[in-house]
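[1] Build the 3D model from these lines:
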Amino acid sequence: MSSIYGPLPTLEDAISAWTAPPMAEGHRGRYLWTDGFAVINFLTLYRITSNPVYIGLAKRLVTTVHDTLGKTRDLSARLPNATDASPLRGGLRIGKVDEEDDPSGDGDGQYFHYLTVWMFALNRVTVVTGDTWYNDQAIDLAQSVLLGKFLINPGSPRPRMFWKMSIDLSCPLVFSEGNLDPIDGYVTYKILQKTNGGRGLEEELKSLKKIVDTKWKGYSSNDPLDLGMTLWTVHLIKDEEGEEWAKALARKAMACLRRLVDSKSYFERPASRRLAFREFGTAMGLRCCSDLARELQLEGLADEISREWETFGLVPEPTPEKKKAMQGSRLAELMPITQVMYASALVPGLFKKEGL
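    Below you'll find the model as predicted:
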């Protein structure tokens, strides 16, 4: 965490002067997925050390993200419908470097699965600190981006979702539906509502559940990040009454991972042809579903993934040789997301249902 967000202050008095430094990736040095993981990692460090500095760092990072990705790309105004008091009513930008109309199709905009990571991070700040403002903001965000935006036809038997929306949420940029977006949404919204006394997102949950009830049955993936994030997401509710589908989906995802390992078609590729952060998602998911991992004889895979990338010289920090070799490359830009997810994979901490 220090290698990406450092130098980190060591005294509470210094927190107010700390601003998260710009990262190598992201527009204006901010990228929503990476910063969401980082907030949760700081909270995990607080739980491990009892050092209140880490709570301060998490809160300061939240403010920085809201004041950067919650604004237009030139930072001249909040996103539509957002205010200083309610900074998330316009959503949050992804943080892509290129403009949203970039011909590559990989420009800025809003991703629902990035927004749910941020909602979960805000919820965890409330869980750790008792300050309900953060979960309230997450609910604001959840209400503002879903119905009529990422999700259409909520009254139909099977609503549908869009993968990517424009920065102002006025139109979809990618019309297809993400493999995990409705499931991310349902689980995260349920957690937010539970923290809020069981109210606030009833209509949103009803619409998302309609999609989940059909989508999980056909789940299949050979993407290590998708598999890991599926395992993480469903472990949060799989033991709850009435959510038996989540336990069944966890088993489906673990079986897909077992087949991916047995096929020797992915993890045996040279490290130079793979992306470490995607596999750290796998490792985190395995640690969150450790009983099921043991059942399918995958309990050692999380450690194997970490060891391989450590041996490759990429984490916990790039070796001098690796740093020189990747200078100016896409791999160098990916180091923030890589190192932050490596930390989450080693110690999921507040990502886990039971915390530490």
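[2] what about the closest residue to residue 88 other than its chain neighbours, which helix or strand?
    Nearest non-adjacent residue to residue 88, counting by CB to CB, 6 or more residues apart in numbering: residue 141, 4.0 Å away. The way it works is simple: take the backbone N, C-alpha and C, and place the C-beta from them, glycine included. According to DSSP states H and E, residue 141 maps onto helix 133-145.
[3] next SSE after that helix?
    In N-to-C order, the element after helix 133-145 by DSSP H and E is strand 151-152.
[4] mind listing what the very next helix or strand once past that next one pairs with, with the direction of each?
    Downstream of strand 151-152, the next assigned helix or strand under DSSP H and E is strand 160-161. Sheet pairing of strand 160-161 (DSSP bridges) gives strand 151-152 (antiparallel).
[5] Residue 154 and residue 202 touch, don't they?
    No: contact criterion CB atoms under 8 Å: residue 154 and residue 202 do not qualify, at 11.8 Å.
[6] neighbour count winner among those two?
    Set side by side, residue 154 and residue 202 give different neighbour counts by other CB atoms under 10 Å, the larger being at residue 154 (17 against 11).
[7] What pLDDT does the model give that one?
    With respect to pLDDT, residue 154 has a value of 96.
[8] give the contact list for it.
    The neighbourhood of residue 154, defined by CB atoms under 8 Å, 6 or more residues apart in numbering, consists of 147-148, 203, 206-207.
[9] Show me which of the residues you listed are buried.
    For the contacts of residue 154, a neighbour count by 16 or more other CB atoms under 10 Å gives the buried set as 147, 207.
[10] Would you agree the residue nearest to residue 88 is in contact with residue 121?
    No: the pair residue 141 and residue 121 does not pass the contact test of CB under 8 Å, sitting 10.9 Å apart.
[11] What distance do you get for residue 324 to residue 242?
    Distance of residue 324 to residue 242, given as CB to CB, to the nearest Å: 55 Å.
[12] Please report the distance of residue 263 from residue 223.
    For residue 263 relative to residue 223 (CB to CB), the value is 13 Å.
[13] Compare those two (neighbour count), which wins?
    residue 223 (17 against 11).
[14] Which parts of the stretch 101-250 of the chain are helices?
    With DSSP state H, counting those that start in this stretch as the criterion, the stretch 101-250 of the chain has helices at 112-129, 133-145, 181-195, 202-215, 224-235, 244-263.
[15] of all these, which lies closest to residue 319?
    Residue 319 sits nearest to helix 224-235 of all those, at 23.7 Å, using CB to CB.
[16] could you give the mean pLDDT of the closest one?
    Averaging pLDDT along helix 224-235 yields 98.
[17] Need the helices of the stretch 101-250 of the chain in CSV (columns: distance to residue 335).
    Formatted as CSV, the helices of the stretch 101-250 of the chain follow (distance: least, CB to CB, whole Å):
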stretch, distance to residue 335
helix 112-129, 19
helix 133-145, 28
helix 181-195, 25
helix 202-215, 34
helix 224-235, 17
helix 244-263, 25
